[in-house]
Structure formats: C-alpha cells, structure tokens
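Colleague: what follows is a predicted protein model with its sequence.
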Amino acid sequence: MAGIHDKFLSLWLVLTSSLVATYAELQTFEHSAKNDGSLSFLVLGDWGRRGAYNQSEVAVQMGKVGEKLDIDFVISTGDNFYDSGLTGEHDKAFAESFTNIYTAESLQKQWYSVLGNHDYRGNAEAQLSKHLRKVDSRWLCLRSFIVNAELAEIFFVDTTPFVQSYFTNPEGQNYDWRGIGSPRAYIAKIIKDLKLALRESNAKWKIVVGHHAIRSVGHHGDTQELVEKILPILKEYNVDFYMNGHDHCLEHIDDTESELQFLTSGAGSKAWRGDVQETNSGHVKFFYDGQGFMSVQLTQNEADIAFYDVSGSVLHRWTTSKLLHSSA
C-alpha cells in the first residue's frame, strides 16, 4: 500500500506543479513613485525607424516634456522596430532606432515595452532577451507583465496573438510564434493571469497597456478579439485606462458604459494615414492623425493626460478625479 501511496503522491506533485507552471502569475517589476507619492510618465508607440518620419523630432520634444514633468519612466506600446522587428540580439537597428534617438537626459529612465505585430514579423525573442538590457539598461520588453508603481499598477498584455488573421497570413507575412505554443492556451493563460492580477490589485489607478486598440477611429479601427475577450475584464475590475498603439495617431475615446478611457499613442514616427473609421462604440473626445506622444501625471486624487504633436504643442488635455470626472 505504501508503494501505491507514494505513486499517487508523486503523480499529485507532478500535476500540481504543472498547474502552477501553467497558471503562474504575471512577473511584477517594482517602480517607486516620487517622494510626494505622485507619478509621471510618457507613452509612445510605433516609433522605430532609425529617426525617419519625424521620429527624431518627436524624441526631442519627448526629452523636453520629460524634463518638465520629471518623468519616472516611459511606456512603449509596441511596433518598436520597423518594418519587421529585429533580426537578432545584435541587430544594429536597436541602437539606430532606440539608443541613438532617445538621448535626452530626461529619457534615461526605464522603458517598459510590449511587442507589436511588426515586432512579431522579425525575431520577437531578440527583443525579450537579457542581452539587450545589457546593451541599454533602459530597455525592458516582455510579452505580458506588471509594473507596480505604488500609486498605479500597470498591466502589460501581449495582444498580437489575440488577432486571428495574423495566423492565416493574409498579407503573406511571417510571424515569429516561438514561445506561444497553442494560441488558444496562450490567450487563455493571459486572460486568467490578468483577471487574477486585477482582482488582487489595490492600486489607486489601474492601467492596462497593449499594442492593439480596443476602441479606435483610426486606420485599423476596433480590434474585435480584444472587444470580446479583454474589454469585459477591464470593465469588471474597474480599470481606469487602456493604452495602446497600432493606429499611427493620437486619440482619446471614453467608454459609454463605464469610466474606462481608451488612449491611443501610436504616433512615434510614420503617421498621416488620412483615413478615419466612421463608426465606433465609444465617444471620441480627441483624434489627431499625425506624429506625437502622450504624457500621464497621477496623484492620489487626480490624473492628467496630455497629447503633444511633433513640435511639442499640447493638442488635447484631459483631467479626471476619482471623485469627480471632468475634462478640459
């Protein structure tokens, strides 16, 4: 009987360890807020073009705004390197599109990045490697993870595998799906981990970041897979902001059924697509089809969001309170 008991015990340990590995929580990085408890950061997307398409000009203005706001870090919403990500860990495009472009003193802070669909068209694993962190210590890119910044918790979600059309390659593009395995199981794991993390979060502000838009009036429009699978979770757990890139524009849309705000910052370089979707399920508060970036300032009671163009001019500013919501 003892032998049978030991076999069942061994089997139980294998099964439980497998469950832990399959449903592990998202990796969390701690980032301290300022001494007064406030937090400020910049949000940029769709940028890596070796300085072309006004990428360098946007970087200059980011440096100025970053200094003025004394930013704590920068968020990249994906499509970090065009047109097809990096070829490997030693690709010169990393320095030519990142290190040599964002040189301002204020931008020498941690950059938290997610992968975009163009990043998946190259060597996606390269951007996740620890080698790049050694090349430039600012760089931190993972598929899905959490930044706990005391005042706010920021949940980064790998949205590219959610989009079914990328697996059928209608445009003849190849994607680096290493590390994904079964797309269905991968997506299920992200959803499970996101729900768990949001449910356990006690942060004053909850922010979710992904590459693809949930709501957008830009070129790509809404991402239906995210509308179906991610949006209900954001509403259920009272997420304040969903931030994304993908559409090469700046936009602010509010949800018609909750306090959730959709903020697109995907104008880090090539923009001016010139087309706008006529229908959308949210209320469009701001749209700009040109290059620029976004800033976020948070205190215990207030959030201030601003969008800037390539010359550093403020195009749209919106302020909200946990107690009273208002816009300016």
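Modeller: Alright, I've got the coordinates.
Colleague: can you map out the helices along the stretch 201-328 of the chain?
Modeller: Counting by DSSP state H, counting those that start in this stretch, one finds helices in the stretch 201-328 of the chain at the ranges 224-229, 231-236.
Colleague: what does the first one contact?
Modeller: It refers to helix 224-229. Taking CB atoms under 8 Å, 6 or more residues apart in numbering as the criterion, the residues outside helix 224-229 that touch it are 159, 162-164, 187, 191, 210, 212-215, 281. Yep, even glycine has a C-beta here, placed from its N, CA and C like the rest.
Colleague: coming back round to it: now the helices of the stretch 201-328 of the chain in TSV, with mean pLDDT and distance to residue 272?
Modeller: Rendered in TSV, the data for the helices of the stretch 201-328 of the chain read as follows (pLDDT from 0 to 100; distance: least, CB to CB, whole Å):
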stretch	mean pLDDT	distance to residue 272
helix 224-229	98	25
helix 231-236	98	28
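Colleague: and the ones you listed: which comes nearest residue 41?
Modeller: Taking CB to CB as the criterion, residue 41 comes closest to helix 231-236 out of these, the separation being 19.6 Å.
Colleague: in the closest one, what counts as buried?
Modeller: Along helix 231-236, the positions that meet the burial threshold by neighbour count (16 or more other CB atoms under 10 Å) are 231, 233-234.
Colleague: where does the prediction get shaky in this structure?
Modeller: 1-24, 170, 279-281, 324-328 (pLDDT under 70).
Colleague: residue 44 contacts residue 80, doesn't it?
Modeller: No. With contacts counted by CB atoms under 8 Å, residue 44 stays clear of residue 80, the gap being 9.6 Å.
Colleague: neighbour count: the two, which is higher?
Modeller: residue 80 (31 against 27; other CB atoms under 10 Å).
Colleague: chain neighbours aside, what residue packs nearest to that one?
Modeller: With CB to CB, 6 or more residues apart in numbering as the measure, residue 48 is the residue that lies nearest to residue 80, at 5.0 Å, once sequence neighbours are left out.
Colleague: number of nearby residues for the one you found?
Modeller: 26.
Colleague: residue contacts, residue 267?
Modeller: Residue 267 touches 45-46, 58, 248-250, 288, 290-293, counting by CB under 8 Å, 6+ apart.
Colleague: quick check on these: which are buried?
Modeller: Of the members of the contacts of residue 267, the ones counted as buried by neighbours, 16+ other CB under 10 Å, are 45-46, 58, 248-250, 288, 291-293.
Colleague: keep only those of these that are in strands.
Modeller: Using DSSP state E, the subset of these located in strands is 250, 288, 292-293.
Colleague: touching, residue 316 and residue 294? I think so.
Modeller: No. Taking CB under 8 Å as the contact criterion, residue 316 and residue 294 are not neighbours in contact, 9.2 Å apart.
Colleague: which one of these two has more residues nearby?
Modeller: Using other CB under 10 Å as the criterion, residue 316 and residue 294 rank with residue 294 on top: 27 against 20.
Colleague: run through the bridge partners of that one.
Modeller: Here residue 294 sits in beta bridges with residue 43, residue 307, as judged by DSSP bridges.
Colleague: do you know how far it is from residue 247?
Modeller: Distance from residue 294 to residue 247, counting by CB to CB, to the nearest Å: 13 Å.
Colleague: repeat that for residue 49.
Modeller: When CB to CB is the yardstick, residue 49 and residue 247 sit 16 Å from each other.
Colleague: all strands for the stretch 201-328 of the chain, in order.
Modeller: Secondary structure of the stretch 201-328 of the chain by DSSP state E, counting those that start in this stretch: the strands cover 205-210, 241-244, 250-254, 261-265, 283-288, 292-298, 302-309, 314-321.
Colleague: what's the closest of those to residue 148?
Modeller: The stretch from the strands of the stretch 201-328 of the chain with the least distance to residue 148 (CB to CB) is strand 205-210; that distance is 11.3 Å.
Colleague: output the contacting helices and strands for the closest one.
Modeller: strand 152-157, strand 241-244 (3 or more CB pairs under 8 Å, 6 or more residues apart in numbering; DSSP states H and E).
Colleague: what does it contact?
Modeller: 75, 77-78, 112, 114, 151-159, 194, 198, 226, 230, 234, 237-244, 298, 303.
Colleague: for the strand or helix carrying residue 41, packing partners?
Modeller: Here residue 41 is covered by strand 39-44, with elements defined by DSSP states H and E. Of the remaining helices and strands, those touching strand 39-44 by 3+ CB pairs under 8 Å, 6+ apart are helix 55-69, strand 73-76, strand 261-265, strand 292-298.
Colleague: pretty sure residue 306 is touching residue 317, no?
Modeller: Yes. In this structure, residue 306 is within contact of residue 317 by CB under 8 Å, at 4.6 Å.
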